[in-house]
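Novice: quick one, structure for this:
(one chain, ligands or ions: 1)
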Amino acid sequence: MVIKITIPGLVKMKKSGKKIVCLTAYDYLTAQIFDRAEIDLILVGDSAANVIYGHSTTLPIGMSEMLSHTQAVCNAVKRALVVADMPFMSYQPSVDVAIKNAGDFLKAGAQAVKLEGGTAVLEIAEKLIKFGIPVMGHLGLTPQSVHAFGGYKLQAKTNSAQKQLIQDAKQLENIGCFSIVLEKIPSSIAKTVTDSLKIPTIGIGAGPACDGQILVWQDMLGLSEIKLKFVKQYADLRKIITGGVKQYKKEVEQGTFPQKKHSFEIDECP
Ligand code: KIV
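Specialist: Purely as a prediction, here's the structure:
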């Protein structure tokens, strides 16, 4: 029997010192593979804008695409906690807009939503939580603010930025967020935040002290071409896929595929 990971279960993992293993997924088959491999949390990230649709930022993706990816992932997942990423401008305009969109993600099967930012999103996050919608925070390099940051730069470098980040994390915890993603910040700051919270931190480019780790799967398995310092590549899918596709092309061109065993006779069943 598969025991589903729950929000309280995830928070307990921090208490017991068990690392929380997270990955992004955007479609049925990869979500199924990750779930069967017992990944604890699957994020339907707005990074889909980059790795599925080829945009240079996460800003262009909208609710309709994100809902469709969330539905596909939820159709596959039996064990992992599924978190849907709220895309740019799906929560910022007003509490009402945020409630409607977050509700649609839960209707699609997600158990929680993630939104980016600290002070600016506190009121919105608090309202969602009050309506029973679990919220994951996201601090540090929040990609929806890429233009304000002037690029995908390391965050929390100055004393005041570090103070602000620690304060934001505390406030997100106080209003009831169940976890916080910390992206691209110095390891020492991620450790300070992690040690000061009861809820788990999930790091991406935030060092080893976080309670869990997340990566974009296409980076981690070598499907995307970009190489990032904080990513370890565990497979070379680009090479494997290229090899298979080249072999297929060769066999079709040579007439060695399909063979008799891949073909049907008139009287064959079914
Ligand atoms: O969209 C995403 O994939 C994310 C992770 C990088 C945390 O927000």
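Novice: run through the strands of the chain in chain order.
Specialist: Under the criterion DSSP state E, the chain contains strands at 20-24, 41-44, 81-85, 112-114, 135-140, 179-183, 201-204, 212-215.
Novice: in JSON lines: these, plus mean pLDDT and mean neighbour count.
Specialist: C-betas here are computed from N, CA, C, even on glycine. Shown next, in JSON lines, are those (pLDDT from 0 to 100; neighbours: other C-beta atoms under 10 Å):
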{"stretch": "strand 20-24", "mean pLDDT": "98", "mean neighbour count": "23"}
{"stretch": "strand 41-44", "mean pLDDT": "98", "mean neighbour count": "28"}
{"stretch": "strand 81-85", "mean pLDDT": "98", "mean neighbour count": "28"}
{"stretch": "strand 112-114", "mean pLDDT": "98", "mean neighbour count": "24"}
{"stretch": "strand 135-140", "mean pLDDT": "98", "mean neighbour count": "27"}
{"stretch": "strand 179-183", "mean pLDDT": "98", "mean neighbour count": "27"}
{"stretch": "strand 201-204", "mean pLDDT": "98", "mean neighbour count": "28"}
{"stretch": "strand 212-215", "mean pLDDT": "98", "mean neighbour count": "22"}
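Novice: I'd like those strands laid out as a markdown table, including distance to Gly103.
Specialist: Below are these laid out as a markdown table (distance: least, C-beta to C-beta, whole Å):
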| stretch | distance to Gly103 |
| --- | --- |
| strand 20-24 | 22 |
| strand 41-44 | 16 |
| strand 81-85 | 11 |
| strand 112-114 | 9 |
| strand 135-140 | 13 |
| strand 179-183 | 20 |
| strand 201-204 | 24 |
| strand 212-215 | 24 |
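Novice: using JSON lines, lay out those strands together with distance to the ligand.
Specialist: JSON lines is the format used below for those (distance: least, C-beta to the nearest ligand atom, whole Å):
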{"stretch": "strand 20-24", "distance to the ligand": "4"}
{"stretch": "strand 41-44", "distance to the ligand": "6"}
{"stretch": "strand 81-85", "distance to the ligand": "5"}
{"stretch": "strand 112-114", "distance to the ligand": "7"}
{"stretch": "strand 135-140", "distance to the ligand": "6"}
{"stretch": "strand 179-183", "distance to the ligand": "5"}
{"stretch": "strand 201-204", "distance to the ligand": "5"}
{"stretch": "strand 212-215", "distance to the ligand": "5"}
